[in-house]
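1. Mind folding the following:
(4 chains)
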Protein chains: 2
Amino acid sequence: MQVKRKPSRMFSQRSIHGRIAHEIGQQILRGDLQPGQILPSEIDLGEGFGVSRTVLREAIKVLAAKGLVESRTKIGTRVKPRDQWNMLDPDVLSWSLVSNEAEDYALAVSEMRRVLEPAGAALAAQRATPAQVTRIRAAFEAMEAAGRNTEESVYHDLRFHLAILEATGNPFLVSMGHVIESAIAFNIKLSVEFPALRIQSLPLHRIVLERIEKGDPRGAQAAMVKLLQEAQMDIERILAGPRKRATRAASTRRLRKVQE
Amino acid sequence: MQVKRKPSRMFSQRSIHGRIAHEIGQQILRGDLQPGQILPSEIDLGEGFGVSRTVLREAIKVLAAKGLVESRTKIGTRVKPRDQWNMLDPDVLSWSLVSNEAEDYALAVSEMRRVLEPAGAALAAQRATPAQVTRIRAAFEAMEAAGRNTEESVYHDLRFHLAILEATGNPFLVSMGHVIESAIAFNIKLSVEFPALRIQSLPLHRIVLERIEKGDPRGAQAAMVKLLQEAQMDIERILAGPRKRATRAASTRRLRKVQE
DNA sequence: ATAAAACATATAATACTACAAATACCAGCC
DNA sequence: GGCTGGTATTTGTAGTATTATATGTTTTAT
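-> Numbering: from 1, shown residues only, chains lettered A, B, ... in the order given. As a prediction, this is how the structure comes out:
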């Protein structure tokens, strides 16, 4: 008779297979498991994690569904090349933020936001229903009430942006909101480390809101561009360290590296 | 140069759990299984599909990983609300294209492309490595050689756009390329039904290419805007039927409907 | 009579075993 | 050398048993 290991669930309300997928996913994103590399056999992996093969296989299936790995008989389970990973999956993105390339990914998210959200604001200005406008305004007012530099205000800031994306009526932009939501964890971490640099431009948020309420697509778009530009400058300033400001070239270099 | 047609996703060689996930996923996207609804128990479902509970559970795990369902003990497996679905997952998107809202989703994809790809072209003009530029050019030349209105040319058209997104160096835009790749199946279907309307503006593609090669971000962006605008007009013209051109209002109405 | 506690039940979660299928690898043959 | 077939290894599938947990019911104590 073998001793049964009792998995600790103190900190995790997650299911076991979910925890395993989380572990392996982070290992892949961190680079501990490189693309092309073959994972240990299901039996070995299961023993390593102290779980049955059934549970382990369910974890692998989750990773496969997100494009991280691919299983073939006789070969084993292989880590797929990076360009096959579904970075737009909230879980994958959140795992990427614990890698040593977290900063690069955060910059890439920021870059995408600067493309999508202004257009989203314009669409919201065209299409938002009264209820949706109300939600956007509620988020803004909560942010206003929360004051600056608090976890509260970061949360309501996020709500503000998500509400705008929802108001576009485009389901893909809504999904993109979940991506942003995952990425925001990194921003929070930054804002904790560098509280002085965290600026939530309330006035710019207000302008975006007003122009959406007014049904002014171009105005809303322009305001959102400025808003995100400021946020991006904050991030780059932090990542470049206190000595120098990040240049566009530096940002480009970072992205090249991520791409590999 | 020899063209190798790569059928990127073969449905025939899929594993059983993949086929089940495909089936149930389509049912959910089609609306046969409504959000909030609880699926039959694992045992019943397994019997229904003629597979063991093990296989069925792996399929469910895949769907859960894509945000379509959520399993809880005693409750069962429930379809999550639509705004939780990860529409940016290539599989989910491909399933959506068999629903009776396929046209709406296709329009939404088109809308997102018009936002992302011009920005992508600008980034590519800034950052593309020589090898990446070569790939873009190769796709263009293949498209040119293939002639119009053929499946070949649609395929190389897609390659052209994917190569540009890859050249941005932004991993999220690369993933977005896979989304577009999934959505293109719908465009192909349309172009088969309405061959006369299928226009692949070769001159505009050439301009985009040249400006990327020249390192002209703004020029590339502008050209891509025009290119996608033309494509969008084609789609709307088809979807609106032969009688009238789709108006912006019509497009908005469609998107509202998708949003629910 | 009411509220709390114990119990029953149904379902997903996990575990374990056995067998099937696929295929890379190797030996042997022509 | 190249082909052919066998073999071993790994994932794929099946079936059953056990455990955990949420829900509903009954019992019990006040």
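2. So for A:Arg248, what pLDDT did the model give?
-> What the model reports as pLDDT for A:Arg248 is 48.
3. where exactly do the strands run in the stretch 51-200 of chain A?
-> If DSSP state E, counting those that start in this stretch is used as the criterion, the strands of the stretch 51-200 of chain A fall at A:69-72, A:76-79.
4. Dump these to TSV, plus distance to DNA strand C and mean neighbour count.
-> All C-beta spots, glycine's among them, are computed from the backbone N, C-alpha and C. Output for those, formatted as TSV (distance: least, Cβ to the nearest atom of the strand, whole Å; neighbours: other Cβ atoms under 10 Å in any protein chain shown):
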stretch	distance to DNA strand C	mean neighbour count
strand A:69-72	6	16
strand A:76-79	10	20
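5. Make TSV from those strands and add mean pLDDT and distance to B:Gln37 to it.
-> As requested, these are arranged in TSV below (pLDDT from 0 to 100; distance: least, Cβ to Cβ, whole Å):
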stretch	mean pLDDT	distance to B:Gln37
strand A:69-72	88	31
strand A:76-79	88	33
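6. Would you mind giving those strands as CSV with distance to chain B added?
-> Below are those laid out as CSV (distance: least, Cβ to the nearest Cβ, whole Å):
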stretch, distance to chain B
strand A:69-72, 8
strand A:76-79, 13
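7. Out of those strands, which is closest to B:Val55?
-> strand A:69-72 (14.0 Å; Cβ to Cβ).
8. ok, residues contacting the closest one?
-> A:Ile28, A:Leu39, A:Ile60, A:Leu63, A:Ala64, A:Thr77, A:Arg78, A:Val79, A:Lys80 (Cβ atoms under 8 Å, 6 or more residues apart in numbering or on different chains).
9. Please identify which of those residues is nearest to DNA strand D.
-> Nearest to DNA strand D out of the contacts of strand A:69-72 is A:Thr77 (Cβ to the nearest atom of the strand; 4.9 Å).
10. So that closest one sits against A:Ile38, correct?
-> Yes: A:Thr77 is within contact range of A:Ile38, at 6.8 Å (criterion: Cβ atoms under 8 Å).
11. which is the next helix or strand following the host helix or strand of A:Val208?
-> Assigned by DSSP states H and E, A:Val208 belongs to helix A:202-214. Next helix or strand after helix A:202-214 toward the C-terminus (DSSP H and E): helix A:217-239.
12. can you list contacts of that following helix?
-> Outside helix A:217-239, the residues within contact range by Cβ under 8 Å, 6+ apart are A:103, A:106-107, A:110-111, A:113-114, A:117-126, A:164, A:187, A:190, A:193-194, A:197-199, A:201, A:204-205, A:207-208, A:211-212, A:245-246, A:250-251.
13. If we use 7 Å, what do you get?
-> Applying Cβ atoms under 7 Å, 6 or more residues apart in numbering or on different chains, the contact partners of helix A:217-239 are A:103, A:106-107, A:110, A:113-114, A:117-119, A:121-122, A:124-126, A:190, A:194, A:197, A:199, A:201, A:204-205, A:207-208, A:211-212, A:245-246, A:251.
14. What residues of that helix count as buried?
-> Within helix A:217-239, the residues scored as buried using 16 or more other Cβ atoms under 10 Å in any protein chain shown are A:217, A:219-225, A:227-228, A:231-232, A:234-236, A:238-239.
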